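*Asks:* Provided below are the primary sequence and the corresponding predicted coordinates.
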Amino acid sequence: MEVLASIDGDAGRAVMDSLADISPALAHHIAAFGFGDVYARPGLDARSRQLVTIGVLTALGGCEPQLRVHLNAALNVGLSREEIVEAILHASVYAGFPRALNATLTAKEVFAEHDAVEVS
């Protein structure tokens with residue numbers, strides 16, 4: 001949970017909390033394995049890990065809610081909007097334009113939300 005919180009802030013906790021009443025085991029495995037074992041491994045920094053995650057979620061398609069969380073995480077760990085958009089554009093070659101379009105529009109929404117928070 002410590003690694004998750006350092007990347008996703010309150011959004012990670014919100015995802016875990018949303019699973020508490022239906023599948024606390026899934027929340028546990030996401031936190032323990034996904035972030036505790038895999039994400040915390042040495043070898044890549046948080047920025048690189050988020051770029052990989054954005055590329056994979058773009059390629060999978062249909063993962064826009066998870067992509068939204070990881071786009072916020074990417075901004076939290078210091079990726080620029082340009083780096084994020086370029087990662088999605090790069091994924092279009094391998095995943096197809098419809099999936100890249102959906103990911104780009106999700107990024108656009110996340111960026112607008114960040115702009116709205118910064119203004120207020």
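*Replies:* Nice, thanks for sending it over. Residues are numbered from 1 along each chain as shown.

*Asks:* Asp8 contacts Leu71, correct?
*Replies:* No: between Asp8 and Leu71 there is no contact under Cβ atoms under 8 Å: 10.7 Å. In this view, the C-beta of every residue, glycine as well, is placed from N, C-alpha and C.

*Asks:* who has more neighbours, those two?
*Replies:* More crowded of Asp8 and Leu71, by other Cβ atoms under 10 Å: Leu71, with 28 against 20.

*Asks:* what about that one, which helix or strand?
*Replies:* Leu71 is part of helix 64-76 when elements are defined by DSSP states H and E.

*Asks:* Extract the C-alpha set from that helix and format it as CSV.
*Replies:* The C-alpha atoms that make up helix 64-76 are tabulated as CSV, following Å, rounded to 0.1, in the frame of the first residue of the first chain:
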residue,chain,number,x,y,z
GLU,A,64,-10.2,3.3,-19.6
PRO,A,65,-11.0,3.4,-15.8
GLN,A,66,-7.7,1.9,-15.0
LEU,A,67,-6.0,4.0,-17.6
ARG,A,68,-7.4,7.1,-16.0
VAL,A,69,-5.8,6.1,-12.6
HIS,A,70,-2.5,5.5,-14.3
LEU,A,71,-2.6,8.7,-16.3
ASN,A,72,-3.0,10.5,-13.0
ALA,A,73,-0.2,8.5,-11.5
ALA,A,74,2.0,9.3,-14.5
LEU,A,75,1.4,13.0,-13.8
ASN,A,76,2.1,12.4,-10.1
